[in-house]
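>>> Need the 3D shape of this:
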Amino acid sequence: MTRYDVAIIGSGIAGASLASELAERCSVLLLEAEAQPGYHSTGRSAAFWSETYGGPDIQPLTSASGPFLANPPSEFSERSFLSARGALHIAQTGGEALVEAMFAEFLASGVSLDRVDRNEINQRLRGSHIDWTCGLWEPDCCDIDVAGLHGAYLAHARKNGVALCCNAAVRGLQYRGGHWSIETASGNFEAALVVNAAGAWADEIAGLAGLRTLGLQPYRRTVVQLAVDPPAPADLPLVVGLDGSFYFKPEAGGRLWLSPHDETPSPPCDAAPEEWDVALAIDRFQQVVDWKIVKLETRWAGLRTFAPDRLPVIGRDPLLPAFFWLAGQGGFGIQTAPAVAQLAAGLILSEPMANETIDPSRYAPDRFR
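Numbers count the residues shown, from 1 in each chain. Sure thing, here's the model as predicted:
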């Protein structure tokens with residue numbers, strides 16, 4: 001039986017990025033329950049990088065990830081994973097308090113935000129209804145090449161010796177004699193450290209290990225792709241309702257990706273969209289602009305998993321340090337992946353933090369003791 005220094009359960013963006021980060025310094029096994037990596041949340045991302053997304057406690061991780069995503073090391077990728085987009089956060093008349101609250105939240109963070117009025121909203125979002133009168137402009141918001149980033153992490157990991165095993169759902173975990181025995185659908189393995197990067201299934205993995213679960217809750221998020229008239233301009237920003245009721249962004253060929261920003265509690269599963277949520281997305285969109293919906297082309301749903309305080313869980317389990325949590329990334333796992341992987345690798349290897357803006361204790365699992 002092959003023994004590894006680290007076995008990572010889950011090969012989505014969290015597991016793949018950590019495997020890449022650790023690959024040159026220890027032996028790593030990457031276990032994936034599905035036939036291919038990134039089948040669930042990673043493969044269903046809305047694909048944007050926004051320093052305001054997730055709130056002020058997530059922002060340090062997002063901001064720290066920006067330089068890597070914009071200009072990755074040449075040995076990792078020869079091109080950037082970001083492309084300029086900008087985000088327009090809007091509110092209706094009477095929503096000025098929402099604008100000021102968000103502006104105040106990020107005032108000391110260095111995130112660039114500018115207040116906008118009705119005229120500027122209509123300049124950036126032609127055809128918007130007249131009651132959308134105030135908001136904020138976030139110029140540094142970008143699109144992310146999610147598939148490219150995930151693929152680059154996996155390629156870098158494999159090039160540096162990481163073993164990837166798919167169709168390997170974990171069925172049993174036992175820690176004895178200073179190492180883990182890991183029973184999977186594709187065979188048995190051993191490792192000194194197990195990393196729980198199982199996304200919506202993270203609490204289930206902890207249960208298999210005989211550890212206390214943390215109350216991680218998956219929520220379903222719906223996205224639809226629309227053909228609209230007039231076609232969505234290529235330079236349309238990401239448009240976000242400050243009340244949390246929608247966001248939409250342009251896609252190739254003048255199409256739109258639209259979400260009602262839904263959060264419906266769900267068990268871990270292969271999520272599918274509900275007709276009600278699709279209808280809700282379209283209704284909310286029609287309250288924002290006077291564009292005609294030509295066709296509902298496709299729809300999908302993904303799971304976003306949160307800890308009770310909605311912050312990621314990164315660190316060794318307080319009762320069993322040979323079990324490492326890398327879970328609860330919510331909807332911001334892609335945009336924070338470089339910083340989170342560096343943070344997790346540093347904690348695993350007992351290395352000092354390279355980025356002083358990030359406080360590891362903010363995300364440590366022992367905050368739930």
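
>>> List the residues that contact the closest residue to Arg284 other than its chain neighbours.
Distance criterion Cβ to Cβ, 6 or more residues apart in numbering; nearest residue to Arg284, sequence neighbours excluded, is Phe246 at 4.4 Å. Glycine gets a C-beta too; all of them are placed from N, C-alpha and C. By Cβ atoms under 8 Å, 6 or more residues apart in numbering, the residues touching Phe246 are 239-240, 258-261, 281, 284-285, 288.

>>> Neighbour-wise, give me the winner out of the residues you listed.
Leu258 (28 neighbours; other Cβ atoms under 10 Å).

>>> shaky segments in the stretch 1-150 of the chain?
Within the stretch 1-150 of the chain, the ranges that satisfy pLDDT under 70 run 1, 41-44.

>>> what about the helices in it?
13-22, 59-70, 96-105, 118-124, 146-159 (DSSP state H, counting those that start in this stretch).

>>> what do you get for the stretch 151-300 of the chain?
Using DSSP H, counting those that start in this stretch, helices in the stretch 151-300 of the chain cover 202-208, 275-286.

>>> most packed of those helices?
helix 202-208 (a mean of 21; mean count of other Cβ atoms under 10 Å).

>>> Give the rounded mean pLDDT of that helix.
The predicted model gives helix 202-208 an average pLDDT of 98.

>>> Quick one: list the elements packing against that helix.
strand 170-176, strand 187-196, strand 323-327 (3 or more Cβ pairs under 8 Å, 6 or more residues apart in numbering; DSSP states H and E).

>>> Might you quantify the distance of the last one from its chain's geometric centre?
If I follow you right, that is strand 323-327. Centroid separation between strand 323-327 and its chain, computed with Cα atoms, centre = their mean, to the nearest Å, is 16 Å.

>>> Paired strands for the longest strand seen in the chain, with orientation please.
In the chain, with assignment by DSSP state E, the single longest strand is strand 292-306. Note on strand 292-306: by DSSP bridges, its sheet partners are strand 217-229 (antiparallel).

>>> Could you pull up the residues touching the nearest residue in space to Asp145 that is not next to it in sequence?
Leaving aside its sequence neighbours, Asp145 sits nearest to Phe81 (Cβ to Cβ, 6+ apart; 4.8 Å). Going by Cβ under 8 Å, 6+ apart, Phe81 touches 69-70, 72, 144-145, 148-149, 152.

>>> tell me which residues in the longest strand of the chain are buried?
Judged by neighbour count using 16 or more other Cβ atoms under 10 Å, the buried positions of strand 292-306 are 299, 301-306.

>>> right, and the pair among the residues you listed with maximum separation?
Spanning the widest gap among those are Arg299 and Phe306, at 22.9 Å by Cβ to Cβ.

>>> Look up phi and psi at the nearest residue to Thr184 once chain neighbours are set aside.
The shortest distance from Thr184 to any non-neighbouring residue, by Cβ to Cβ, 6+ apart, is to Ala168 (4.1 Å). Per-residue torsions, Ala168: phi -120, psi 50 (degrees, to the nearest 10).

>>> right, and Ala168 touches Ala185 too?
Yes. In this structure, Ala168 is within contact of Ala185 by Cβ atoms under 8 Å, at 5.7 Å.

>>> Overlap in contacts, the two.
Ala33.

>>> distance of the most centrally placed residue in the chain from Pro67?
The residue lying closest to the centre of the chain (Cα atoms, centre = their mean) is Gly333, at 2.4 Å. Applying Cβ to Cβ, to the nearest Å, the value for Gly333 to Pro67 is 18 Å.

>>> Check Ala279 too.
41 Å.

>>> OK, contacts around Asn355?
Asn355 touches 60, 64, 339, 342-343, counting by Cβ under 8 Å, 6+ apart.

>>> I'm done for today, thanks for sticking with me.
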